[in-house]
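1. only geometry, no sequence info:
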């Protein structure tokens, strides 16, 4: 299917072209730099038109009329000259109900498209978009979220004159879902559809700024933001898209000694934390147990024996694990446990614990798993003998 997208390098256009291309459509991208001959070729062969081009900021009032109303007339005339009855989706604005140059020009363009439908029966889809946010928005232009994200990602102050002012926002991916759905529903119904997109409840500018501060702080605290509501999840993804390319990376604190290292990676408000433990060859770490703290171990490189013994009992259980196995071990409470590197290279283990480390309440109690002198070399290296199955890990 051949699809014409006007305003292809704008915020919606850039995202839509990427989505359509990924879905295998042939996309005609029309921009200010598109030649007249090329534009006419697009109008001749397009089977569906996304009309996103327009002017939304200018000091000259006539620019709105020419860019929004005039270009819409030009588009319709070009399609008609080739007797092309392709459906048209038009990106209008909630400001079409307001008495300002931009709003009036958008309303006029809507009316032109409705007249085209009445005259020819062409199918028209009208979208009155609210404020939009998402990746690839232009900062310092007409998107408060794009401006805030851009400045926050560069440690620049956010200029907020009224933190209590609210905005109603729609996320770009929700917009794309609504737009692409038109291709599935496009059966030339010869009607005018006034379409809607999913919008978030109004949110205060101060709340957006607070969330962005939490996102920035997460690198220092290692705490992944709480992402259980759609807006916060979408805003966090948007914020990351505005990071300068030289700020993609950040360093973790490496707690290192002769035995290896321990590095906290991720903390969560309610899902525990993830750390990376490295043990040198021949090193055993652990020999402790917990009342409530529980863990998961995943050896990703090297070879190890993980042993545990229930407190108050004498039987020791051993698991043999390697990086090739991708085997996760649950470490139950009430079992003293250790992990020994029996390989010739560093042992690297990803460790999840159900609660973030708290130095005031470590819930960690030293206890040897076993007396090493009573264990034979055969037992230590037996990979199959036992397959019944330790927060700082040392």
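-> Good, I have the coordinates. As the structure is a prediction and not an experimental result, all values here were calculated from the model. Residues are numbered from 1 along each chain as shown.

2. got a pLDDT number for the residue nearest to the spatial centre of the chain?
-> Closest residue to the average C-alpha location of the chain: residue 237 at 3.5 Å, with CA atoms, centre = their mean. Residue 237 is assigned a predicted lDDT (pLDDT) of 99.

3. next one: residue 180
-> 96.

4. who touches it in this structure?
-> 16, 19, 20, 23 (CB atoms under 8 Å, 6 or more residues apart in numbering). Any C-beta I mention is one placed from the backbone N, CA and C, and that applies to glycine too.

5. Phi first, then psi, for it.
-> phi -70, psi -30 (degrees, to the nearest 10).

6. Show me what the helix or strand containing residue 49 is packed up against.
-> If you go by DSSP states H and E, residue 49 is part of strand 48-51. Contacts defined by 3 or more CB pairs under 8 Å, 6 or more residues apart in numbering; DSSP states H and E place strand 48-51 against strand 2-6, helix 71-81, strand 87-93, helix 172-185.

7. Dump those into JSON lines; add distance to residue 293 as well.
-> Shown next, in JSON lines, are the helices and strands packed on strand 48-51 (distance: least, CB to CB, whole Å):
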{"stretch": "strand 2-6", "distance to residue 293": "54"}
{"stretch": "helix 71-81", "distance to residue 293": "64"}
{"stretch": "strand 87-93", "distance to residue 293": "53"}
{"stretch": "helix 172-185", "distance to residue 293": "38"}
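
8. And the next helix or strand past the longest helix anywhere in the chain?
-> Ranked by number of residues, the top helix in the chain under DSSP state H is helix 101-120. The C-terminal neighbour of helix 101-120 among helices and strands, as given by DSSP H and E, is strand 124-129.

9. in its sheet, what does that following strand sit against?
-> Partners of strand 124-129 in the sheet, by DSSP bridges, are strand 87-93 (parallel), strand 192-195 (parallel).

10. Please identify the most buried of those.
-> strand 87-93 (a mean of 24; mean count of other CB atoms under 10 Å).

11. Run the chain-centre distance for it.
-> 27 Å (CA atoms, centre = their mean, to the nearest Å).

12. And the pLDDT at residue 380?
-> On pLDDT, residue 380 comes in at 40.

13. Could I get the contacting residues of the residue nearest to residue 222 when sequence neighbours are not counted?
-> Spatial nearest neighbour of residue 222, excluding adjacent residues (CB to CB, 6 or more residues apart in numbering): residue 267 at 4.6 Å. Residues counted as contacts of residue 267 (CB under 8 Å, 6+ apart) are 221, 222, 223, 224, 273, 356.

14. wait, isn't the fifth one in contact with residue 357?
-> What that stands for is residue 273. Yes. Assessed by CB atoms under 8 Å, residue 273 is found in contact with residue 357 at 6.7 Å.
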